[in-house]
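Chemist: kindly return the folded structure for what I paste below:
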Amino acid sequence: MNYLAHILLAGDDEDLRLGAMLGDFVRGGEELGKHAPGVQSGILLHRHIDARIDALPTVAALLECLQPPFRRYGGIIIDLALDHELALRWDQYSEVSLQDFDRGVRDMLAWHDNILPEKLKAFMRYADRRGLFAAYQKESEILHSLRGVGRRLSRENPLDRVGEIWAEFSPRVSAGFASIFREIQSEVADWRNSRSTTTGS
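Modeler: Numbering: from 1, shown residues only. Below is the predicted model:
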């Protein structure tokens, strides 16, 4: 899952949402400990989702569909493809419009600007220019994002050529999306229940 799914899965809790956005930018226990307990929980939920989605048979099958050299970068391709599918089906999963949700994320990050790492700020400047996250509904935007990720990687990669396989791969992601998202929603519910039992809240 990419940013859009992570934030939605965090629910209405602002700390969890903030942690969902920080998850890719906070490494190790020392950096984790610099944040408030609620935000730490959001980062841990982000990590939990990443671990659980990689273990889903449907996701593993999608990865197997990708031939070299794309398979090595399958996690990146699948993450953005899933956010694309979520954006297309947004009204099935949220009562808030995607545009309003998008604005809410920006307002939240602006409020907490003092704790945001520079890399996240840089990403949000890019997001503002591109109209993300609402623009994830467009196939062209997903392919543009993949090219951008590819340029930032240190080694040579095929992410600028995903368009060559998109017409064949995207329908497979679409067919599996509902099942994948349902399973991850269940995982998040179990995580919340476990957290509530542990904390007594």
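Chemist: per-residue confidence for Val173?
Modeler: On the pLDDT scale, Val173 is placed at 98.
Chemist: so is the residue nearest to it when sequence neighbours are not counted in a helix, a strand, or just coil?
Modeler: Take Val173 and drop its neighbours on the chain: the residue closest to it by C-beta to C-beta, 6 or more residues apart in numbering is Ala81, 4.3 Å away. Where C-beta positions appear, they are placed from N, C-alpha and C, glycine not excepted. Ala81 carries the three-state label helix when classified by DSSP: H, G, I helix; E, B strand; the rest coil.
Chemist: and the one 4 residues further on, by the same measure?
Modeler: Classification of Glu85 into helix, strand or coil gives helix, according to three-state DSSP.
Chemist: mind listing what it touches?
Modeler: Val173, Ser174, Phe177 (C-beta atoms under 8 Å, 6 or more residues apart in numbering).
Chemist: next one: it from His35, what distance?
Modeler: 30 Å (C-beta to C-beta, to the nearest Å).
Chemist: just how off-centre is the lowest-mean-pLDDT helix or strand in the chain within its chain?
Modeler: Least confident helix or strand, the chain: helix 28-32 with a mean of 84, by mean pLDDT, DSSP states H and E. Per C-alpha atoms, centre = their mean, to the nearest Å, the displacement of helix 28-32 from the mean C-alpha position of its chain is 20 Å.
Chemist: can you check stretch 13-32 too?
Modeler: 13 Å.
Chemist: now stretch 98-108
Modeler: On C-alpha atoms, centre = their mean, the centre of stretch 98-108 falls 15 Å from that of its chain.
Chemist: in it, what's buried?
Modeler: Using 16 or more other C-beta atoms under 10 Å as the test for burial, stretch 98-108 gives Leu98, Phe101, Asp102, Val105.
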